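Asker: 3D model of this:
(2 chains)
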Protein chains: 2
Amino acid sequence: MPETERWTEAFAGEGGEERSFRDLTYDRLLDGADSLPRGSVLLPDGSVVPGYPPIGRIHALGQGLARRFPDAFWAEEKIDGYNVRIARHGAGLYAFSRGGFVCPFSTDRLPDLLDPAIFDDEADLVLCAEIAGPDNPYLQGHPPQVTEDVALFVFDMLRKDTVGFLPQEERMARLDRYDLPAAPILGRYEPHETETVRELILTLDREGREGIVFKSDEDGGRRAKYSTARSNVQDIEAMSDALLDLPPEYFTNRLLRMALFMAEHGQRQNPEAERELGRAFLSGLLRATDMATRRGRVGHRFLCRFRERENACEFVDFLGGQSDPRAKFDDDVPRREGERWVVEFERIHPRMTGKLRQTLDEEG
Amino acid sequence: MPETERWTEAFAGEGGEERSFRDLTYDRLLDGADSLPRGSVLLPDGSVVPGYPPIGRIHALGQGLARRFPDAFWAEEKIDGYNVRIARHGAGLYAFSRGGFVCPFSTDRLPDLLDPAIFDDEADLVLCAEIAGPDNPYLQGHPPQVTEDVALFVFDMLRKDTVGFLPQEERMARLDRYDLPAAPILGRYEPHETETVRELILTLDREGREGIVFKSDEDGGRRAKYSTARSNVQDIEAMSDALLDLPPEYFTNRLLRMALFMAEHGQRQNPEAERELGRAFLSGLLRATDMATRRGRVGHRFLCRFRERENACEFVDFLGGQSDPRAKFDDDVPRREGERWVVEFERIHPRMTGKLRQTLDEEG
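Answerer: Residues are numbered from 1 along each chain as shown, chains lettered A, B, ... in the order given. Next up is the predicted model:
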């Protein structure tokens, strides 16, 4: 039997977890099974929204590109946000997180972020997009091109019950036809154009962009990502106030990637990059020290805006429940502000809080 | 029965481990017991060389100093080396490591490093010293004042079978009388002189020194250490080529300490410190990347010189055995060089080697 016919079985028993959002009940896939990635979603009509698969990383552009993309490939800008898959079910349009949860925030804001007309024509389409911006509820830090609220960037398309991405030309035609907001498509390159791609990534690095996703239409739509040096600095800067609360690999991987980038692109002596990296660590740690001294705890404040009060409440339940016990909501959530419902909360960094309080208290 | 009479019992059974060095057989204490620190040594004549106890760290100078030293205290320069205790047994003079091993290298070099006359007068004395310099076999990095080979800095004195350090005045008299090389004694301060101590540490920071050890003659000779911002940078610079091979706390603790130092001493905006910190990470990682590319492995080369061939061989056995399986000795160790026997080896960083090879190979 075809692979896709076995998909619904993957959700049975321990494989899936039943969840609900308002009047939608669905199952999310807890681990990858067959060709179905973790976070795939089984909808009530039996259709499956495939998960977004993990994308490999290139560390050495020169060799990595040639090895992974022996034929022509596309380069698109990688956006520093969080990944959602947008799918219609019945009359509703939903945004699913990488893990396969309906994200109440993203779902609420979809009408602001894109025109849903495409789903009228192709109800089985799934848009894969990055949501990014300073007022998102998940990530500290945001890309330079989104300076307020959040924006959405479509970067891939799937179909329900189907393996593989829509080919590049078909996706580009739809982006154009429906005027969908998209991650910038930087161009199509032949394998011998590595030098051009190298210049592209150096430009993105200077502009503080995150990196490139390379895409092929061959091999089931092979993808690979490559980050700029500066994106590593920005990630470290965003999270160094949580130095002890993240897995150490968060920082060590980014330090290594930055060094590999600098080694490959002739940036061994780069005082500006050195200073930015040092400041990335110190600025967050000084923020944390100040917070511990002034307020007795270290955390990061988040603010996000909803169209509907009920979605805001769903979000508070979602984050306040099992999915993030570290979120401490303000007393007045959601509070009315003009047309919107605003939710503010603080995500506590318990290990930084503990370490700094212990350090400062024992001597205070 | 007095505490010290129970000491030899601590080495019985699982408590101690029998070791030998040339014709000396001794026991080292595997864990602290009663007032006897880990690394204490039981000599064949039944006498005990007490271990050097762990020293607490001050993170906030202003409050930490006042809290720990309510009375007058001494400030001495902290030297960035490894800790040995030097004791006579029979006709031999031995240097014991913090863990209670005879260090074949340090023991061999004692005649170069200090005049042993003091032991003729006080055979039960134990000198606690830091050995530091570029040609030491344990540490990457060295203090600015030792630019070749190694030097020794006495910083405390103990007696066999006795609890507690010699009082400051008695130690200083002996340093003077026997002209022993010592860690610089910076002065005696009253609790109200915190400002002077603060200026002292800022001077040490500018000079690239490691920090201060504070000492009281009260409370059994209380000690506490305080590091400069720059010592953290130097530690990171020395070890960033082993980023994945050290416990992550090696780096995170130093980053936190640096931020606490900068916050306390009005250095929030310090572009030079930022650049040095960034370079500390990147220089080591670029070293590692180069090594992985050029030689297929990441490691650090060590060179040390011995007076006696037999000690050099003991050292090779010591390091090549259980105590450091990562040391890869050159084929010709020990090799004769003038009056000395030279041992060169490389300490491999296996996780950095693995990660960088995997990263570079998969794309090569």
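Asker: residues touching A:Pro334, list them.
Answerer: Taking Cβ atoms under 8 Å, 6 or more residues apart in numbering or on different chains as the criterion, A:Pro334 is in contact with A:306, A:309, A:312-313, A:316, A:341-343. All C-beta spots, glycine's among them, are computed from the backbone N, C-alpha and C.
Asker: select only the buried ones of those in ChimeraX?
Answerer: This is the ChimeraX syntax for the buried subset of those, where burial follows 16 or more other Cβ atoms under 10 Å in any protein chain shown:
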select /A:306,312,313,316,341,342,343
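Asker: for A:Ala117, give me its contacts.
Answerer: A:Tyr178.
Asker: re the thing from before, pick out the most distant pair among the contacts of A:Pro334.
Answerer: A:Cys313 and A:Val342 (12.7 Å; Cβ to Cβ).
Asker: can you give me the strands in the stretch 51-200 of chain A?
Answerer: Under the criterion DSSP state E, counting those that start in this stretch, strands of the stretch 51-200 of chain A are mapped to A:56-57, A:73-78, A:82-89, A:92-97, A:125-132, A:151-159, A:185-189.
Asker: so which of the ones you listed gets nearest chain B?
Answerer: strand A:56-57 (9.0 Å; Cβ to the nearest Cβ).
Asker: and that closest one, what does it pack against?
Answerer: Contacts defined by 3 or more Cβ pairs under 8 Å, 6 or more residues apart in numbering or on different chains; DSSP states H and E place strand A:56-57 against strand A:223-227.
Asker: what pairs with the strand it packs on, and is each one parallel or antiparallel?
Answerer: strand A:56-57 (parallel), strand A:211-215 (antiparallel) (DSSP bridges).
Asker: quick one: contacts of the longest one?
Answerer: It refers to strand A:211-215. By Cβ under 8 Å, 6+ apart, the list of residues contacting strand A:211-215 from outside reads A:55, A:58, A:65, A:68-69, A:73-78, A:155, A:168, A:183, A:186, A:197, A:200-201, A:204, A:221-228, A:231.
Asker: again with the first one
Answerer: Judged by Cβ under 8 Å, 6+ apart, the contacts made with strand A:56-57 from elsewhere in the structure are A:68, A:223-227.
Asker: give me the buried entries from these.
Answerer: Looks like these have A:68, A:223-224, A:226-227 buried, using 16+ other Cβ under 10 Å.
Asker: and which of the residues you listed is nearest to chain B?
Answerer: Among those, and counting by Cβ to the nearest Cβ, the member closest to chain B is A:Arg68, at 7.8 Å.
Asker: so who does that closest one touch?
Answerer: Contacts for A:Arg68 (Cβ under 8 Å, 6+ apart) come out as A:56, A:58, A:214, A:222, A:224, B:363.
Asker: from those, which two are the most distant?
Answerer: Longest span within those, Cβ to Cβ: A:Arg222 and B:Glu363, 14.2 Å.
Asker: the more surrounded of the two?
Answerer: Neighbour count, other Cβ atoms under 10 Å in any protein chain shown: between A:Arg222 and B:Glu363, B:Glu363 has more, with 20 against 17.
Asker: just the pLDDT for that one.
Answerer: Looking at B:Glu363, its pLDDT reads 64.
Asker: do the same with A:Pro2
Answerer: Looking at A:Pro2, its pLDDT stands at 67.
Asker: same thing with the one 4 residues further on?
Answerer: Note on A:Arg6: pLDDT of 82.
Asker: what's the neighbour count on A:Val49?
Answerer: 26.
Asker: wait, doesn't it sit right on A:Val102?
Answerer: No. A:Val49 is beyond contact range of A:Val102, at 10.7 Å (criterion: Cβ atoms under 8 Å).
Asker: now the common contact residues for these two.
Answerer: The overlap between the contact sets of A:Val49 and A:Val102 (Cβ under 8 Å, 6+ apart) consists of A:Phe96.
Asker: tell me which of the contacts of A:Pro334 fall in strands.
Answerer: Counted as lying in strands by DSSP state E, out of these, are A:306, A:341-343.
Asker: in chain A, where is pLDDT below threshold?
Answerer: Across chain A, the ranges flagged by pLDDT under 70 are A:1-2, A:219, A:322-323, A:362-364.
Asker: quick one, helices of it?
Answerer: A:7-10, A:61-68, A:104-113, A:117-121, A:168-177, A:194-206, A:229-239, A:248-264, A:271-295, A:309-318, A:350-361 (DSSP state H).
Asker: buried stuff in the shortest one?
Answerer: If I follow you right, that is helix A:7-10. Buried, per 16+ other Cβ under 10 Å, within helix A:7-10: A:7-8, A:10.
Asker: for chain B, state which of those is nearest.
Answerer: If you rank those by distance to chain B using Cβ to the nearest Cβ, A:Ala10 comes first, at 29.2 Å.
Asker: for the residue lying closest to A:Asp45 once chain neighbours are set aside, the count of nearby residues, please.
Answerer: The shortest distance from A:Asp45 to any non-neighbouring residue, by Cβ to Cβ, 6 or more residues apart in numbering or on different chains, is to A:His89 (7.1 Å). Residues lying near A:His89 (other Cβ under 10 Å) number 17.
Asker: wait, doesn't A:His89 sit right on A:Gly46?
Answerer: No. Between A:His89 and A:Gly46 there is no contact under Cβ under 8 Å: 11.1 Å.
Asker: so what's the spatially most central residue of chain A up against?
Answerer: Centroid-nearest residue in chain A, with Cα atoms, centre = their mean: A:Tyr82, separated by 2.0 Å. Residues in contact with A:Tyr82, defined by Cβ under 8 Å, 6+ apart, are A:97-98, A:130-132, A:136, A:138-139.
Asker: which strand residues bridge it?
Answerer: A:Ile131.
Asker: so how far is A:Met172 from it?
Answerer: The gap separating A:Tyr82 from A:Met172 is 24 Å, by Cβ to Cβ, to the nearest Å.
Asker: quick one, what contacts A:Leu42?
Answerer: Residues counted as contacts of A:Leu42 (Cβ under 8 Å, 6+ apart) are A:8, A:11, A:16, A:26-29, A:48.
Asker: kindly indicate the member of those with the most neighbours.
Answerer: Neighbour tally across these (other Cβ under 10 Å): the maximum, 25 neighbours, falls on A:Leu29.
Asker: just grab the bridge partners of that residue for me.
Answerer: A:Gly16.
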